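S.K.: when you get a sec, could you give me coordinates for this:
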Amino acid sequence: MVSHKAGPLKQTKKAHKHGKHRSKGSLSAKGKAGVLSGNGKSGLATLNKKDRKNREKQLKKVKVVSNAAEKRGLGGSGHPPICVVLLPAHSGVDLTETLQLLRQQGEVHSQSSNSFYLLNTKLKKRLQVVCPGEGILDQLDTVKCADLVVLVWDSSFSIDPLLRTCLFAQGLPPVQHIVMQLGQSFSDKEFNIQKKQFSEILQKNNFSINNSKVQYMRQASDFDNILWGLVNFKHHTLGFLKDRGYLITSSVEMQDTGPETGTLVVRGFLRGQGLDPDQLLHIPGQGHFRISRIVTSPDPFSENSNTGIVYEPKNPASLDMECEVNEMDAEQTWPTEEDYEQAEEAKKHTKRVPKGTSAYQAVWMLSDDEEEEESGMEDEEDSEEESDEEVEEEEETDYYKDSDNYDVHFDAEEEAEEMRKFREACEDEQFPDEMDTPIDMAARIRFQKYRGLASFRTSAWDPQENLPRDYARISQIRNFRHVRKSLLRQSNTEKPVQAGAHVDIYISEVPLSLRDSTSSTITLFSLLPHEQRLSVQHVAQARHPLSTGTVKGKEQLLAQVGFRRYVVKPIFSQHTKSNKHKMERFMPVAGNFVASFYAPITLTESPAVLFKVEEDGSVTLLSTGTLLSCDPDRVVCKRVVLSGHPAKVNKRSAVVRYLFYNREDIAYFKPVQVRTKHGRRGHIKEALGTHGHCKITFDKPIQQSDTVLIPLYKRVFPKWHFEYF
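M.R.: Next up, the predicted model:
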């Protein structure tokens with residue numbers, strides 16, 4: 001029997017290209033499953049299955065022990081007291097009874113108008129009870145520093161929807177609910193019905209996701225259970241506070257006052273990651289300031305605390321928010337021959353001027369044609385050069401509910417402005433970005449800042465070209481993710497002043513207005529390196545369902561990102577993964593979008609909320625979301641679509657009118673690709689006549705009812721406006 005032997009032309013199958021990594025199967029077959037250490041040897045290669053399980057069990061036990069020690073130390077000696085913030089569920093809830101019962105549960109120290117320290121010797125726990133003001137912004141600032149939020153309800157079981165939404169939007173610490181004066185005259189059966197009804201209300205308001213405890217106050221003895229719940233809870237800190245130090249004050253004093261500024265002395269327990277005297281401190285609504293010195297003060301709960309230790313800054317951080325503008329860094333261009341020819345033609349152009357006008361004065365005077373051209377350049381949709389000066393009119397806001405007096409305070413101008421914005425938003429939604437070509441002005445001049453793109457998704461756009469002057473004033477971090485990770489790793493190192501210390505912080509050059517505008521309780525937050533520098537901030541947002549009204553781009557809004565709050569004028573764009581993003585003229589009602597504005601750099605992941613400030617000073621919630629990035633290179637493009645109508649159609653070619661109105665415009669826009677609403681694409685072939693008719697050839701036959709479109713794009717930037725609120 002003769003066996004077959006493969007010849008030299010035998011086809012061999014290609015080996016599987018699995019990449020540079022090793023598969024799980026190959027690792028397990030070689031007995032090297034595990035993570036490689038830095039020396040190239042596997043840390044788990046020598047361990048069998050039993051040893052690996054034992055190792056995991058030991059690590060789990062160490063973690064459980066550390067968590068138990070942290071829980072025991074919470075509010076104990078050597079740790080800051082538990083910060084408990086009392087919030088009324090709505091404005092009709094009175095906290096007087098709750099505060100009075102709390103003061104009876106132990107020794108009260110450092111009592112002020114809206115905060116006090118409480119020492120309970122039975123539970124061996126220390127509390128700092130804070131009751132913020134009635135304003136929603138003051139309540140949000142205080143909740144950021146809270147270890148536990150206590151919502152006090154009454155028998156109506158109602159809650160302010162703005163408060164509830166803002167608490168969830170900015171991040172909510174552990175929360176507990178106290179229902180006052182419930183069931184004092186109810187039987188046990190009726191009381192259980194009320195408890196079941198309240199549980200349904202909590203689930204409806206999404207409070208059950210925090211595993212919150214509910215305490216019912218029927219008699220004075222029930223407060224023992226309430227106090228036990230205040231010191232035994234699952235503690236967690238908000239994400240944007242884990243890498244920084246912060247403090248909620250017990251006393252505030254202004255010293256060494258000058259004509260405009262002074263030294264602010266604040267006292268309280270330091271929390272978070274500790275504090276370095278070289279770091280800057282941020283006061284919500286005021287800005288960032290330098291630390292003059294830090295002095296350890298007597299602990300109100302202990303007589304044997306270390307006092308008088310002074311920490312002074314050695315290399316304090318800079319207070320500058322903007323960069324110095326160098327005029328020589330701008331683009332320098334040499335005049336060409338065409339520039340000289342245009343200059344000569346401009347000299348020959350004669351204009352009528354008043355008698356006695358000198359040649360120098362005549363250069364600055366516009367003729368009638370130039371005035372018309374200048375006025376035509378102003379477009380209502382381009383709000384890039386709007387005036388920052390706004391006339392503020394004080395008007396009464398007390399509207400009567402009586403129908404007879406309803407029109408007494410009716411503002412016709414404001415109503416007309418709202419109607420105009422509403423119609424523009426409806427038109428933009430029905431005909432997005434469409435614009436009629438101006439008849440009295442050349443399209444090549446009107447749209448000289450725009451360009452055509454073959455593909456909005458894939459076409460190249462240099463983010464460093466034609467930048468505005470404001471970009472010279474901001475800072476940019478190259479490789480933002482890498483730098484952020486490095487700076488956050490440095491922030492977790494040991495600080496000179498450890499958390500839990502009771503300190504007096506001397507803050508220099510604080511405006512005297514802070515002394516009159518704040519109470520005895522304010523919040524302070526330390527800044528990481530470069531967080532005082534201005535940049536372009538992008539926040540991903542979603543419109544709140546209860547928000548009504550039309551919000552136009554570059555309209556003045558109030559933004560709260562993390563622990564900072566400022567007034568900005570953002571632009572809106574689509575939230576996509578492309579390298580270019582289309583601008584939205586109005587804040588979208590549905591779906592996600594991105595708001596971009598000038599704001600300080602924020603390194604930590606933070607929640608972001610947008611408000612609108614009303615004339616009476618109240619705020620209205622618009623949207624909620626998170627911080628996306630701080631990147632000035634994010635390209636936001638405004639789109640303008642010129643439309644025309646096919647006058648004659650011959651299969652794949654058509655004569656289009658109303659697209660342009662002169663031959664020069666057709667020649668200028670000839671390289672731009674043309675498309676139709678039905679998906680046809682084509683190019684301008686030639687101009688017909690002198691009135692703007694042109695012949696266009698498409699890739700497929702078009703219909704007579706189709707509309708010819710030319711999309712044009714230009715990059716837009718936020719409007720320069722920033723101030724703390």
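
S.K.: list the contacts of Gln197.
M.R.: Phe157 (Cβ atoms under 8 Å, 6 or more residues apart in numbering). C-betas here are computed from N, CA, C, even on glycine.

S.K.: do Leu123 as well
M.R.: Taking Cβ under 8 Å, 6+ apart, one finds Leu227, Trp228, Val231 in contact with Leu123.

S.K.: what does Gly135 give?
M.R.: Taking Cβ under 8 Å, 6+ apart as the definition, Gly135 has no contacts.

S.K.: ok, it to Ile283 distance?
M.R.: 16 Å (Cβ to Cβ, to the nearest Å).

S.K.: check Asp51 too.
M.R.: Asp51 is 54 Å from Ile283, by Cβ to Cβ.

S.K.: comparing those two, which residue is more hemmed in?
M.R.: Neighbour tally, Asp51 and Ile283, criterion other Cβ atoms under 10 Å: the higher count belongs to Ile283, 21 against 11.

S.K.: was I right about that one contacting Ser526?
M.R.: No - counting by Cβ atoms under 8 Å, Ile283 does not reach Ser526; the two are 11.4 Å apart.

S.K.: sec struct for the closest residue to Leu512 other than its chain neighbours, please.
M.R.: Closest residue to Leu512 in three dimensions, ignoring its sequence neighbours and counting by Cβ to Cβ, 6 or more residues apart in numbering: Gly262, at 5.9 Å. At Gly262 the chain is in strand, as set by DSSP: H, G, I helix; E, B strand; the rest coil.

S.K.: ok, Gly262 - contacts?
M.R.: Taking Cβ under 8 Å, 6+ apart, one finds Met254, Gln255, Asp256, Val510, Leu512, Arg515 in contact with Gly262.

S.K.: one more pass at 10 Å, please.
M.R.: By Cβ atoms under 10 Å, 6 or more residues apart in numbering, the contact list for Gly262 reads Glu253, Met254, Gln255, Asp256, Ile507, Ser508, Glu509, Val510, Pro511, Leu512, Leu514, Arg515.

S.K.: pull out the buried positions in stretch 161-170.
M.R.: By 16 or more other Cβ atoms under 10 Å, the buried positions in stretch 161-170 come out as Leu162, Leu163, Arg164, Thr165, Cys166, Leu167, Phe168, Ala169, Gln170.

S.K.: ok, longest strand in this protein?
M.R.: strand 635-650 (DSSP state E).

S.K.: how about that strand: buried residues?
M.R.: Neighbour-count burial for strand 635-650 [16+ other Cβ under 10 Å]: Val636, Cys637, Lys638, Arg639, Val640, Val641, Leu642, Ser643, Gly644, Pro646, Val649.

S.K.: follow-up on the earlier one: any chance of the buried residues of stretch 161-170 in JSON lines, with secondary structure too?
M.R.: Below are those laid out as JSON lines (three-state DSSP):
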{"residue": "Leu162", "secondary structure": "helix"}
{"residue": "Leu163", "secondary structure": "helix"}
{"residue": "Arg164", "secondary structure": "helix"}
{"residue": "Thr165", "secondary structure": "helix"}
{"residue": "Cys166", "secondary structure": "helix"}
{"residue": "Leu167", "secondary structure": "helix"}
{"residue": "Phe168", "secondary structure": "helix"}
{"residue": "Ala169", "secondary structure": "helix"}
{"residue": "Gln170", "secondary structure": "helix"}
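
S.K.: which parts of stretch 126-146 are buried?
M.R.: Here stretch 126-146 shows 126-132, 136-146 as buried, counting by 16+ other Cβ under 10 Å.

S.K.: give me the distance between the closest residue to Gly591 other than its chain neighbours and Ala608.
M.R.: Excluding the flanking residues, the one nearest Gly591 by Cβ to Cβ, 6+ apart is Ala542, at 7.4 Å. Distance, Ala542 to Ala608, by Cβ to Cβ: 11 Å.

S.K.: same thing with Leu119?
M.R.: From Leu119 to Ala608 the distance is 38 Å (Cβ to Cβ).

S.K.: so if I had to pick from those two, which one is more boxed in?
M.R.: Counted by other Cβ under 10 Å, Leu119 and Ala608 do not tie: Ala608 has more neighbours, with 24 against 19.

S.K.: so what's the more buried one closest to, chain neighbours aside?
M.R.: Val539 (3.8 Å).

S.K.: quick one: residues contacting the one you found.
M.R.: Contacts of Val539 (Cβ under 10 Å, 6+ apart): 559-561, 570, 593-597, 599, 602, 606-610, 623-629.

S.K.: out of the buried residues of stretch 161-170, who's nearest Thr676?
M.R.: Ala169 (43.1 Å; Cβ to Cβ).

S.K.: now pLDDT too, for the buried residues of strand 635-650, in TSV please.
M.R.: Shown next, in TSV, are the buried residues of strand 635-650 (pLDDT from 0 to 100):
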residue	pLDDT
Val636	94
Cys637	94
Lys638	93
Arg639	92
Val640	92
Val641	92
Leu642	91
Ser643	89
Gly644	89
Pro646	90
Val649	91
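
S.K.: each with direction, which strands does the helix or strand hosting Val609 pair with?
M.R.: Val609 belongs to strand 607-613 when elements are defined using DSSP states H and E. Strand 607-613 sits in its sheet next to strand 557-561 (antiparallel), strand 619-630 (antiparallel), going by DSSP bridges.

S.K.: model confidence over that strand, on average?
M.R.: On average, the pLDDT along strand 607-613 is 93.

S.K.: how about it: buried residues?
M.R.: Going by neighbour count (16+ other Cβ under 10 Å), the buried part of strand 607-613 is Pro607, Ala608, Val609, Leu610, Phe611, Lys612.

S.K.: for stretch 576-588, same thing?
M.R.: For stretch 576-588, using 16+ other Cβ under 10 Å, the buried residues are Lys580, His581, Lys582, Met583, Glu584, Arg585, Phe586, Met587, Pro588.

S.K.: tell me how far the ends of that stretch are from each other?
M.R.: This stretch, stretch 576-588, spans 14 Å end to end (Cα to Cα, to the nearest Å).

S.K.: pLDDT averaged over that stretch, what's the number?
M.R.: Mean predicted confidence for stretch 576-588 is 90.

S.K.: same question, stretch 534-545
M.R.: Mean predicted lDDT for stretch 534-545 stands at 93.

S.K.: how about stretch 158-177?
M.R.: 88.

S.K.: first-to-last residue distance for that stretch?
M.R.: 13 Å.

S.K.: from the chain's centroid, how far away is it?
M.R.: 19 Å (Cα atoms, centre = their mean, to the nearest Å).

S.K.: how about stretch 590-597?
M.R.: So, by Cα atoms, centre = their mean, the centroid of stretch 590-597 is 10 Å from its chain's centroid.

S.K.: just checking, Leu558 touches Leu137?
M.R.: Yes - taking Cβ atoms under 10 Å as the definition, Leu558 is a contact partner of Leu137 at 8.8 Å.

S.K.: which residues do the two both contact?
M.R.: With Cβ under 10 Å, 6+ apart, Leu558 and Leu137 have common neighbours Arg565, Phe611, Val619, Phe725.

S.K.: identify the residues contacting the third one.
M.R.: The one in question is Val619. Contacts of Val619 (Cβ under 10 Å, 6+ apart): Gly135, Ile136, Leu137, Leu162, Cys166, Leu558, Gln560, Val609, Phe611, Lys612, Val613, Phe725.

S.K.: before we move on, what about Leu622?
M.R.: 541, 543-544, 546-549, 551, 557-559, 587, 595, 609-612.

S.K.: do Val129 as well
M.R.: By Cβ under 10 Å, 6+ apart, the contact list for Val129 reads 81-86, 98-99, 102-103, 108, 111, 114-118, 150, 230.

S.K.: equivalent analysis for Val503, please.
M.R.: If you count contacts by Cβ under 10 Å, 6+ apart, then Val503 has 247, 266-270, 275, 294-297, 307, 309, 311, 497 around it.

S.K.: any idea how far Ile82 is from it?
M.R.: With Cβ to Cβ as the criterion, Val503 and Ile82 are 18 Å apart.

S.K.: what segments of the stretch 51-200 of the chain are strands?
M.R.: 82-88, 107-109, 115-120, 125-130, 148-153, 175-180 (DSSP state E, counting those that start in this stretch).
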